[in-house]
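Chemist: Sequence and predicted structure, then a few things I'm wondering about:
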Amino acid sequence: MADPIFSHPRLALIYDPFDADRSDLDAYDSMVKEFGATSVLDVGCGTGTFACRLAAKGITVTGLEPAPASLAIAQSKPGADNVRWICGTMADLPPLTVDLVTMTANVAQVFLTDDEWLQTLLGIREVLGPKGRLVFETRNPAAQAWRDWTREKTFTQVKLANGEHVQGWVEVTNVQAPLVSFRWTYVFQSDGAVLTSDSTLRFRTLGDITLSLHAAGLGLEALREAPDRPGREFVLIVSPTAD
Ligand SMILES: C[S@@+](CC[C@H](N)C(=O)[O-])C[C@H]1O[C@@H](n2cnc3c(N)ncnc32)[C@H](O)[C@@H]1O
């Protein structure tokens, strides 16, 4: 079950306005080109920004997302007809082979248990051809990003396309390494509605990630930085290991 921030229709609608700068996706765009991928599976595609961007370049894209409200926004975007959308998790994916699997915007951190993460990686291993790759990012726990998740540092007001103003901020509710829990609060000016969304993310060390990749028949080919968030993210390029 995805968090309210992705699954509540009114909150899914403000995901893009609150995250309007998607320059984080440029590095993924470049990797699609670098690896010569012509088919991509975007796991946890959310509101479909990256999937639509790739489809506009002629890439065969499948967008996988468990939250119907986010997927509905994705499906309403220009060019969405050129993407194959699937509502669900890796367990719901029909047989498929792709050149590249992506998980942008720290999707990897939503998998809280070892088993959920391993099952997801095994599913990804399954769809990769022998020369396929997985690229994903995850926050470096040493950077302790959650220290900046305060009302003072995150308070934002956005104007939606319909002219409505929405205020939002995040606060940490619990830190119990490797899990960090936090709450987003949103105030809708039109009717004064206050909606909250509670989430927990797992901050894995590089060592933990490497071990889990091996358990799924995958290996770390290269480790990069996110150019827009130097020192704060691990960007991993992963390929299948020999059977
Ligand atoms: C931070 S959002 C990132 C969305 C998108 N990748 C982006 O770049 O904007 C995390 C996404 O992971 C999705 N998600 C949650 N649980 C999932 C699961 N088990 N499998 C795949 N995606 C999941 C959420 O619904 C949400 O859309």
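Modeler: Sure thing, it's come through. Residues are numbered from 1 along each chain as shown.
Chemist: The residue positioned nearest the centre of the chain: what's it in contact with?
Modeler: Nearest to the mean C-alpha position of the chain, by C-alpha atoms, centre = their mean, lies Val107 at 3.2 Å. Taking C-beta atoms under 8 Å, 6 or more residues apart in numbering, we find Val107 in contact with 43-44, 136. Heads up, the C-betas are built off the backbone N, CA and C, glycines and all.
Chemist: what's the distance between it and the ligand?
Modeler: Distance of Val107 to the ligand, given as C-beta to the nearest ligand atom, to the nearest Å: 4 Å.
Chemist: what do you get for Ile5?
Modeler: For Ile5 relative to the ligand (C-beta to the nearest ligand atom), the value is 8 Å.
Chemist: so which of the contacts of Val107 also contact the ligand?
Modeler: 43-44 (C-beta under 6 Å from any ligand atom).
Chemist: Looking at the contacts of Val107, which one is closest to Val32?
Modeler: Phe136 (13.4 Å; C-beta to C-beta).
Chemist: what sits against the residue located most distally from the centre of the chain?
Modeler: What lies farthest from the middle of the chain is Asp191; by C-alpha atoms, centre = their mean that is 30.4 Å. If you count contacts by C-beta under 8 Å, 6+ apart, Asp191 has none.
Chemist: pLDDT score for it?
Modeler: On pLDDT, Asp191 comes in at 94.
Chemist: Beyond the helix or strand hosting Gln119, next helix or strand please.
Modeler: Here Gln119, judged by DSSP states H and E, is contained in helix 114-127. Next helix or strand after helix 114-127 toward the C-terminus (DSSP H and E): strand 128-139.
Chemist: Alpha carbons only: can I get the worst-scoring helix or strand of the chain on mean pLDDT in PDB?
Modeler: Using mean pLDDT, DSSP states H and E, the weakest-scoring helix or strand in the chain turns out to be helix 4-7, at a mean of 92. Only the C-alpha atoms of helix 4-7 are listed here, as PDB (Å, rounded to 0.1, in the frame of the first residue of the first chain):
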ATOM      1  CA  PRO A   4      -1.100   8.800   1.200                       C
ATOM      2  CA  ILE A   5       1.200  11.300  -0.400                       C
ATOM      3  CA  PHE A   6       1.100   9.100  -3.500                       C
ATOM      4  CA  SER A   7      -2.300   7.400  -3.100                       C
END
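Chemist: Mean confidence (pLDDT) on the next helix-or-strand element following it, please.
Modeler: Downstream of helix 4-7, the first helix or strand assigned by DSSP H and E is helix 9-18. Confidence over helix 9-18 (mean pLDDT, whole number) is 95.
Chemist: helices or strands next to helix 9-18 in the packing?
Modeler: Helices and strands touching helix 9-18, by 3 or more C-beta pairs under 8 Å, 6 or more residues apart in numbering; DSSP states H and E, are helix 4-7, helix 68-75, strand 156-159, strand 165-176, strand 179-188, strand 194-202.
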